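S.K.: Sequence first, predicted model second:
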Amino acid sequence: MNVTIVDYQSGNISSVINSFTEVAKGKVNLEVTSDINKIKSCDKIVLPGQGSFKSCVDSLNQIKGLVDTLKEFAIINKKPLLGICVGLQMFADIGYEEAETKGLGWISGKVSKIDNQKGKFKLPHIGWNEIEIQKESKIFKDIKNKSHMYFVHSYEFIPEDKSVISAITNYSSKIVCSVERDNLFGTQFHPEKSDKIGLKVIDNFLKL
Amino acid sequence: MLKNRIIPCLDVKDGRVVKGINFVELKDAGDPVEQAKIYSDGGADEICFLDITASNENRETIIDIVRKTAKECFVPLTVGGGIRTIQNITDLLLAGADKVSINTAAVKNVDFVKEASKKFGSQCIVVAIDAKKVSDNKWEVFTHGGRNKTGIDAIKLAKQVEENGAGEILLTSMDKDGTKSGYDIDLLKEITNSTNIPVIASGGVGTLDHLYDGIVKGGASAVLAASIFHYGKYKIKDAKEYLNSKNVSVRL
């Protein structure tokens, strides 16, 4: 199997590479690339994302043909794609970080700043929080409800169709921490930084 | 709910841990990679390396340690010490660090924090503030590992780095550091109350109770400690079980 981590200058993806390499050892061919042809021909895609919504969308758009290729892969051909952090957020129609920015529009909804109740809660939401699983999910196979995952973000994805939500986490409000629709997956938390339980999420994705 | 984090810190000099952990299973008490792995396996919520050599010739050494550690530890890794330029940050992140902790450069040039957080995102920029008490409810910032007085007020600097995009503040009390008498709770309270980003408490931990005080009395989001975890006095697990028994939520 060939899995591609999309390298589109979205910030620091070393940890994503390290964790996937660890889990993939000897089982899966891992490629880190922005080459459209390689992306087209692979079996699964990982779409990381760090920094702001706007900077990630801008970086995606800078690579000619990338957005269309990803759409064809994940939405039209319904092949497995996992978005991590801003990689997930970009599934939305629109984001409000830095400036109002159009997203990929794969799952209707918006990305807005977490309501921290007038400063009662610190932002970014940094650290380990429990996930509350909302529906059966292929990437949460053998993962217990209320497992701890590592988060670091100030913005949250609010999808219109709540049935895509596979887990939430409780901070200043209930925050969407993962989505799943067909073969489209996204986690707001960082499985690559979430210790053994995070590696299990990665393993589940690679085993799909 | 969000858990309070426990962060063991390893001081590294010329590629070796200065105060090592003295666990029986450790083959080499001075190897930072091996020690980080033990902390990570023991349930540390993050790992912090502080490079106290921090001379330019030795940057490759810490980068190599980060590279090796990042391949074995799958919890967040923060690296501090001697970070002066955007290139220094790029090198550490490429090696596998998740966050960098900036001290002297953040004080010398406030725009550096702005530039770094814009380029890499706030999530990976930690500003380390070393403060010393000068009078009642007044603390002054020191730089260069505590050697240089700056005349800058710690609370003012904390607010300023938050505004400039720092994601977290790592706050060390120089009066308390190394004393094992607990964090400077007044300082911690002042900073946690006057900023809206997470604050990591550092400097002075001698008992598990001190960790409790840092979180409950000081309002810290995370507690950093070095010596209590070295020499095997306490394991990370002991700290977590103790806090949990006192109703402080931690990741068990």
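M.R.: Yes, it's here.

S.K.: Need the single longest helix in chain A, by residues.
M.R.: helix A:195-207 (DSSP state H).

S.K.: Give me the buried stretch members for stretch B:43-52, please.
M.R.: Within stretch B:43-52, the residues that qualify as buried are B:G43, B:A44, B:D45, B:E46, B:I47, B:C48, B:F49, B:L50, B:D51, counting by 16 or more other CB atoms under 10 Å in any protein chain shown. In short, each C-beta sits where N, CA and C put it, glycine included.

S.K.: Out of the residues you listed, which are close to chain A?
M.R.: Checked against chain A using CB under 8 Å from any CB of the partner chain, those yield the following neighbours: B:D45.

S.K.: Next to chain A, which bits of the stretch 101-250 of chain B? Give me the list.
M.R.: Residues of the stretch 101-250 of chain B lying near chain A (CB under 8 Å from any CB): B:F120, B:G121, B:S122, B:Q123, B:C124, B:G167, B:E168, B:N196, B:I197, B:P198, B:S221, B:A222.

S.K.: Of these, grab the buried ones for PyMOL.
M.R.: The following PyMOL line selects those of these that are buried, judged by 16+ other CB under 10 Å:
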select buried, chain B and resi 120+121+122+123+124+167+168+197+198+221+222
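
S.K.: Export the residues of the stretch 101-250 of chain B next to chain A to JSON lines and append columns for secondary structure.
M.R.: Converted to JSON lines, these look like this (DSSP: H, G, I helix; E, B strand; the rest coil):
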{"residue": "B:F120", "secondary structure": "helix"}
{"residue": "B:G121", "secondary structure": "coil"}
{"residue": "B:S122", "secondary structure": "helix"}
{"residue": "B:Q123", "secondary structure": "helix"}
{"residue": "B:C124", "secondary structure": "helix"}
{"residue": "B:G167", "secondary structure": "coil"}
{"residue": "B:E168", "secondary structure": "strand"}
{"residue": "B:N196", "secondary structure": "coil"}
{"residue": "B:I197", "secondary structure": "coil"}
{"residue": "B:P198", "secondary structure": "coil"}
{"residue": "B:S221", "secondary structure": "coil"}
{"residue": "B:A222", "secondary structure": "strand"}
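
S.K.: Any buried residues in the host helix or strand of A:S19, and which?
M.R.: Under the criterion of DSSP states H and E, A:S19 resides in helix A:14-24. Using 16+ other CB under 10 Å as the test for burial, helix A:14-24 gives A:S14, A:S15, A:V16, A:I17, A:N18, A:S19, A:F20, A:V23, A:A24.

S.K.: Is that helix in proximity to chain B?
M.R.: Yes. Contact of helix A:14-24 with chain B (CB under 8 Å from any CB) involves A:S14, A:S15, A:N18, A:S19, A:T21, A:E22.

S.K.: what's the offset of that helix from the middle of its chain?
M.R.: Here the centre of helix A:14-24 is set off from its chain's centre by 15 Å, with CA atoms, centre = their mean, to the nearest Å.

S.K.: got a list of contacts for it?
M.R.: Residues outside helix A:14-24 that contact it (CB atoms under 8 Å, 6 or more residues apart in numbering or on different chains) are A:3, A:5, A:30, A:32, A:46, A:48, A:84, A:190-193, A:198-199, A:202-203, A:206, B:70-71, B:74, B:93-98.

S.K.: can you list the residues of chain A near chain B?
M.R.: A:11-12, A:14-15, A:18-19, A:21-22, A:50-52, A:116, A:119, A:122-130, A:148, A:150-154, A:170-171, A:192-196, A:198-199.

S.K.: Show me those residues that map onto strands.
M.R.: Using DSSP state E, the subset of the residues of chain A next to chain B located in strands is A:H125, A:I126, A:G127, A:W128, A:N129, A:E130, A:H148, A:Y150, A:F151, A:V152, A:H153, A:N170.

S.K.: Closest one of those residues to A:D58?
M.R.: Nearest to A:D58 among those: A:H153, at 18.4 Å, using CB to CB.

S.K.: that older thread, of the residues of chain A next to chain B, select the buried ones using a ChimeraX command.
M.R.: A single ChimeraX command suffices to select whichever of those are buried according to 16+ other CB under 10 Å:
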select /A:11,12,14,15,18,19,50,51,52,116,122,123,124,125,126,127,128,129,130,148,150,151,152,153,154,171,192,193,194,195,198,199
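
S.K.: can you give me the helices for the chain?
M.R.: I'll assume chain A. Under the criterion DSSP H, chain A contains helices at A:14-24, A:36-41, A:53-62, A:66-71, A:86-89, A:195-207.

S.K.: that's the other chain; I wanted chain B
M.R.: B:32-41, B:59-70, B:86-95, B:104-108, B:110-120, B:154-163, B:185-194, B:208-216, B:236-245.

S.K.: Can you name the residues in contact with the longest strand along chain A?
M.R.: Counting residues, the longest strand in chain A under DSSP E turns out to be strand A:174-181. Under the contact criterion CB under 8 Å, 6+ apart, strand A:174-181 has outside partners A:88, A:91, A:107, A:114, A:125, A:129, A:131, A:135, A:137-140, A:149, A:151, A:156-159, A:164-169, A:185-189.

S.K.: next one: stretch B:63-76
M.R.: By CB under 8 Å, 6+ apart, stretch B:63-76 touches A:14-15, A:18-19, A:21-22, A:150, A:152, A:192-196, A:198-199, B:12, B:15, B:32-33, B:36-37, B:40, B:44-47, B:49, B:77, B:79, B:91-92, B:95-99.
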